[in-house]
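Colleague: Got a predicted structure plus its sequence, pasted below:
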Amino acid sequence: MNILDLPNEILFIIFQKLDMIDVFYSCIKVNRRFNRLVLDSFFLRDLNMTTINDINSLYDQTSSTDPKVLSRICEKILPRIYDHTYKLTVNEYSAKYMFLASNYSKLYSLSLINFQKEILHQYLTDNLILRDLLTNQITHLNIDIKNTTENRFKIGPEIFPKILSLCKNLIVLNFCDMFPERNFVVSLTDFSWNHCIPSTLIKLRINLSTLADCLHLLDGLFVCLSILIITVTFTFHTTEYKNPTKKLPKLKYFSLTALNRVQDYDDLIVPLLRRMINLEELKLYLSVDRSYSNYIDGIQLYDQFLIYMTQLKNFTFYIKTEISFMDIKFELQSNEEIQHSFIGRGYPLVASYVNSNPFALDGACYIYSLPYDFEYFKVDNSFQGGTFYKVRQLTMVERIPFEDRLFQLISQDFPFLEILHVCNSWPQEGNQHSLTLITFPHLKFLDVKYAHANYVARFLLKKSMHLPRLSNLSIEYKLLMLIINNFTNDPTYFNFDKLKSLDVGQSFVRPKNFYQYFPLL
């Protein structure tokens with residue numbers, strides 16, 4: 001069938017699956033019908049001037065769009081469409097053309113993705129069209145700053161307050177928490193808040209450095225927030241920050257995701273949650289370290305803070321408790337006791353399992369509400385399986401060898417997994433490898449920096465793993481050289497065909513046959 005024979009509804013669906021830049025460049029002037037479809041006001045309401053490949057690689061992203069194509073689109077097409085655009089998405093390459101002269105009179109939502117922090121700061125400082133849009137029109141703003149190997153974790157502290165001072169009408173802000181691949185964080189504890197925070201802001205999503213930043217954020221600075229979604233990257237012990245006690249009556253929705261282990265659960269997190277007296281929805285993703293307390297269970301959750309949340313309608317959680325006995329030993333709860341603690345207190349369906357020998361600890365307990373509703377998950381050998389359609393990022397961690405069944409379980413139970421961290425220095429004993437080929441159809445990022453060569457080989461060899469979308473690999477240089485035998489093994493043995501990013505933690509001289517192994521690097 002010829003594409004010209006397809007009905008308009010099908011063509012619209014096809015156009016929406018393609019890069020809008022390609023649609024503009026290829027379909028305009030094909031015929032009057034295509035012209036009318038591409039320039040239809042419905043199609044133009046949400047204008048995305050980025051490419052599908054913008055975030056496929058975690059480091060050193062570059063635009064694949066020809067500048068001449070962008071220039072032509074902005075010169076010939078943009079003046080005809082900007083009055084129909086309500087939402088606009090640009091990257092640092094298309095922004096230079098999109099913010100030249102056009103007047104987006106109806107624009108209210110703006111997404112700035114895949115920007116280097118220096119370039120974003122320059123736009124916020126010098127681009128008058130962008131500044132005018134932010135000051136007078138934009139109510140919904142999404143910011144994404146690209147990763148670089150030189151500076152992966154800290155954003156220039158001036159960008160966040162600059163945005164807050166510019167955006168007078170801001171209602172919703174997502175600051176650097178758009179994609180799970182990103183690792184950039186914001187530190188608020190050193191800010192001198194001389195900038196005006198928009199009183200219109202009701203929803204904030206942000207990636208913070210520490211739990212102290214979370215407390216600082218809620219210490220009277222953002223009093224108008226009703227929805228707050230926080231991801232905390234570093235969760236080391238915080239002794240210098242005093243937990244305020246002022247209630248937070250306007251907050252209706254709170255989500256806290258701590259990517260690393262938390263030591264301040266009882267001292268910081270519990271008192272913080274008690275302040276949210278009118279909360280209607282709560283989401284917690286936590287890994288808690290404890291030395292003198294038992295596993296967190298349904299009774300503790302209820303007595304510590306849920307009893308104070310009289311308006312709460314929905315509580316979604318994943319909480320892992322890791323117990324390490326110091327001076328006093330006590331008996332840890334069994335999984336049956338954990339399950340019993342959730343009975344009769346209005347909890348949703350809860351799954352749990354206990355691992356009696358994780359790492360050098362004395363016990364670990366996992367509790368999570370069902371259906372599972374987070375992008376993150378952590379597993380060890382005690383994992384019992386389940387259905388995890390929403391999980392995109394998984395960490396495998398153990399101090400004893402991984403059981404072979406675990407790899408099969410993960411591939412089956414996490415069908416849309418995109419990011420995998422493997423942490424285990426203990427090799428599998430004997431020949432435990434299954435003869436069955438294991439497939440991870442959506443896996444884009446594999447981190448094996450802290451994995452034994454046994455597991456590295458298992459994931460990288462095509463005979464044991466099928467990774468059709470693997471585009472990012474993080475691995476120690478010595479491990480890589482061991483697996484490929486210093487670039488002497490047959491390159492067709494490995495899952496390197498689609499790699500666009502290789503992080504080996506050091507610089508090295510590429511041999512002549514490097515591109516036989518990594519054709520896209």
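Modeller: Here it is on my side, so go on.
Colleague: Mind giving me the packing neighbours of the helix or strand containing V69?
Modeller: Assigned by DSSP states H and E, V69 belongs to helix 67-72. Counting contacts by 3 or more C-beta pairs under 8 Å, 6 or more residues apart in numbering; DSSP states H and E, helix 67-72 is packed against helix 20-27, helix 92-98. (Glycine included, C-beta is placed from N, CA and C.)
Colleague: Report the central residue of this structure.
Modeller: Centroid check for the chain by C-alpha atoms, centre = their mean gives P180 as the closest residue, at 1.4 Å.
Colleague: thought that residue was touching I419?
Modeller: Yes. Counting by C-beta atoms under 8 Å, P180 does reach I419; the two are 6.3 Å apart.
Colleague: Ramachandran coordinates for the residue nearest to Y517 when sequence neighbours are not counted?
Modeller: Beyond its immediate neighbours in the sequence, the residue positioned closest to Y517 (C-beta to C-beta, 6 or more residues apart in numbering) is P491, lying 4.4 Å away. Dihedral pair for P491: phi -60, psi -20, per degrees, to the nearest 10.
Colleague: Quick one: residues in contact with stretch 246-256.
Modeller: Residues outside stretch 246-256 that contact it (C-beta atoms under 8 Å, 6 or more residues apart in numbering): 214, 218-220, 223-230, 232, 269, 273, 275-286.
Colleague: coming back round to it: just the helices and strands packed on helix 67-72: most buried one?
Modeller: Mean neighbour counts were taken over the helices and strands packed on helix 67-72 using mean count of other C-beta atoms under 10 Å, and the top value, a mean of 22, falls to helix 92-98.
Colleague: Toward the C-terminus, what is the element adjacent to that helix?
Modeller: Counting by DSSP H and E, the next helix or strand C-terminal to helix 92-98 is strand 109-115.
Colleague: Centre of the chain to that next one, how far?
Modeller: Distance of strand 109-115 from its chain centroid, counting by C-alpha atoms, centre = their mean, to the nearest Å, is 16 Å.
Colleague: ranges for the strands of the stretch 151-300 of the chain?
Modeller: Residue ranges of the strands in the stretch 151-300 of the chain, as given by DSSP state E, counting those that start in this stretch, are 172-175, 203-208, 227-232, 253-262, 281-290.
Colleague: can you redo these as TSV with mean pLDDT, mean neighbour count and distance to S369?
Modeller: Below are the strands of the stretch 151-300 of the chain laid out as TSV (pLDDT from 0 to 100; neighbours: other C-beta atoms under 10 Å; distance: least, C-beta to C-beta, whole Å):
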stretch	mean pLDDT	mean neighbour count	distance to S369
strand 172-175	95	20	24
strand 203-208	92	21	21
strand 227-232	94	20	17
strand 253-262	92	19	13
strand 281-290	94	20	9
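Colleague: To A457, which of these lies closest?
Modeller: A457 lies closest to strand 253-262 among the strands of the stretch 151-300 of the chain, at 27.6 Å (C-beta to C-beta).
Colleague: angle of the closest one against strand 203-208?
Modeller: Strand 253-262 and strand 203-208 are oriented at 10 degrees to each other (axes from the mean of the first three to the mean of the last three C-alpha atoms, to 10 degrees).
Colleague: Low-confidence stretches in the stretch 401-521 of the chain?
Modeller: Low-confidence segments of the stretch 401-521 of the chain, defined by pLDDT under 70: 430-435.
Colleague: mind listing the strands for it?
Modeller: Counting by DSSP E, counting those that start in this stretch, the strands of the stretch 401-521 of the chain are 419-424, 438-439, 445-451, 465-466, 472-474, 501-503.
Colleague: Note down every partner strand of the last one and its orientation.
Modeller: Looking back up the chat, that one is strand 501-503. Within its sheet, strand 501-503 is paired with strand 472-474 (parallel), according to DSSP bridges.
Colleague: number of nearby residues for F514?
Modeller: Residues lying near F514 (other C-beta atoms under 10 Å) number 14.
Colleague: looking at it, it is touching I484, isn't it?
Modeller: No. Applying C-beta under 8 Å, one finds F514 not in contact with I484, separated by 10.5 Å.
Colleague: Next, show the common contact partners of those two.
Modeller: In terms of C-beta under 8 Å, 6+ apart, F514 and I484 are not both contacted by any residue.
Colleague: I'd guess I13 is in a helix, am I close?
Modeller: Yes. With the criterion set as DSSP: H, G, I helix; E, B strand; the rest coil, the secondary structure at I13 is a helix.
Colleague: Relative to D266, how far out is it?
Modeller: To D266, I13 is 52 Å away according to C-beta to C-beta, to the nearest Å.
Colleague: who has more neighbours, the two?
Modeller: Neighbour count, other C-beta under 10 Å: between I13 and D266, D266 has more, with 16 against 10.
Colleague: contacting residues for that one?
Modeller: If you count contacts by C-beta under 8 Å, 6+ apart, D266 has them with S293.
Colleague: how about the helices of the stretch 151-300 of the chain, start to end?
Modeller: For the stretch 151-300 of the chain, the helices defined by DSSP state H, counting those that start in this stretch occupy 159-166, 211-217, 270-274, 298-304.
Colleague: need these in JSON lines with distance to K146, can you?
Modeller: Listed next are the helices of the stretch 151-300 of the chain as JSON lines, based on distance: least, C-beta to C-beta, whole Å:
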{"stretch": "helix 159-166", "distance to K146": "13"}
{"stretch": "helix 211-217", "distance to K146": "22"}
{"stretch": "helix 270-274", "distance to K146": "31"}
{"stretch": "helix 298-304", "distance to K146": "38"}
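Colleague: among the ones you listed, which is nearest T257?
Modeller: Using C-beta to C-beta, the helices of the stretch 151-300 of the chain put helix 211-217 closest to T257, at 10.9 Å.
Colleague: Quickly list the domain ranges of the chain.
Modeller: 3-376, 377-521 (automatic domain parsing).
Colleague: Any idea how far the longest one is from the middle of the chain?
Modeller: Read it as domain 3-376. Distance, centroid of domain 3-376 to centroid of chain: 8 Å (C-alpha atoms, centre = their mean).
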